[in-house]
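# what's the 3D shape of this:
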Amino acid sequence: TTLYKAAIRKAHRVVFQNENDMSLFTQLGITKEERNIRVFGSGVDLSKFHPITAEHCVNKKRNFVMVARLLEEKGVLLYLEAAHTIKSIHSTTHFFLIGSPPNVENYPINKKLIDSYSEYVEHIEHSDEIATLLQQMHCMVLPTYYAEGIPKSLIEALATGLAIITTKNGGCIETIDKNGKLVEM
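Prediction:
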């Protein structure tokens with residue numbers, strides 16, 4: 001808390017993307033309530049991210065995607081294991097994982113681990129065409145227990161009209177209305 005206090009001590013306003021973080025910082029005395037501003041994410045370019053077509057929604061194949069920094073706390077292993085389980089039962093379901101694992105020696109999420117699930121999950125390490133890729137999907141999955149603001153991938157999924165499966169984690173809660181499912185972590 002000391003470093004946070006020092007970093008924002010002269011700030012006139014402190015911007016938060018979710019209610020949990022704003023309440024926590026106020027409760028810990030890091031910032032005062034009157035200095036706090038709540039925004040609802042960082043937004044997306046709606047000229048790139050637009051709703052999928054109705055014809056796409058009736059496609060018999062179901063495409064699930066996780067777009068994230070491939071950190072353990074983002075729930076990557078949970079996603080890989082769920083893909084393995086579901087794909088074993090529903091062979092026409094497809095799973096995609098978009099992102100790169102950290103280039104850190106002995107990190108639990110690494111290329112070797114991801115490759116071991118290649119029968120169940122198609123891994124795309126990097127893409128500058130996320131908007132185009134999302135047009136081919138049906139559901140965004142983010143099983144995170146990471147301290148999120150409001151995840152950019154979920155905002156992009158919302159703009160595209162995808163269903164969302166995510167956790168009851170601060171920042172993720174704000175993205176779900178009637179368009180998805182929140183799960184316990």
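# contacts only, for residue 17.
38-42, 149-150, 171 (Cβ atoms under 8 Å, 6 or more residues apart in numbering). For the C-beta atoms, the positions are set from N, CA and C on the backbone; glycine is no exception.
# let me fix that, I meant to ask about residue 162.
Residue 162 neighbours (Cβ under 8 Å, 6+ apart): 52, 134, 137-140, 179.
# how far out from the middle of the chain is the lengthiest helix in the chain?
The longest helix of the chain (DSSP state H) is helix 76-89. Distance of helix 76-89 from its chain centroid, counting by Cα atoms, centre = their mean, to the nearest Å, is 17 Å.
# which parts of it are buried?
Residues of helix 76-89 classed as buried by neighbour count (16 or more other Cβ atoms under 10 Å): 76-80, 82-83, 87.
# against which helices or strands is it packed?
Judged by 3 or more Cβ pairs under 8 Å, 6 or more residues apart in numbering; DSSP states H and E, helix 76-89 is in contact with strand 62-67, strand 93-98, helix 111-115, strand 121-124.
# repeat that with 7 Å
Helix 76-89 is packed against strand 93-98, with contacts defined by 3 or more Cβ pairs under 7 Å, 6 or more residues apart in numbering; DSSP states H and E.
# got the angle for the strand it packs on vs helix 76-89?
Here the directions of strand 93-98 and helix 76-89 differ by 160 degrees (axes from the mean of the first three to the mean of the last three Cα atoms, to 10 degrees).
# distance of residue 132 relative to residue 47?
According to Cβ to Cβ, to the nearest Å, residue 132 stands 13 Å off from residue 47.
# the more surrounded of the two?
Taking other Cβ atoms under 10 Å, residue 132 and residue 47 do not tie; residue 132 has more neighbours (11 against 7).
# report the contact partners of that one.
Taking Cβ atoms under 7 Å, 6 or more residues apart in numbering, we find residue 132 in contact with no residue.
# and for the one 3 residues further on?
For residue 135, the contact set (Cβ under 7 Å, 6+ apart) comprises 52, 160.
# repeat the analysis, applying 6 Å as the threshold.
Neighbour list for residue 135: residue 52 [criterion: Cβ atoms under 6 Å, 6 or more residues apart in numbering].
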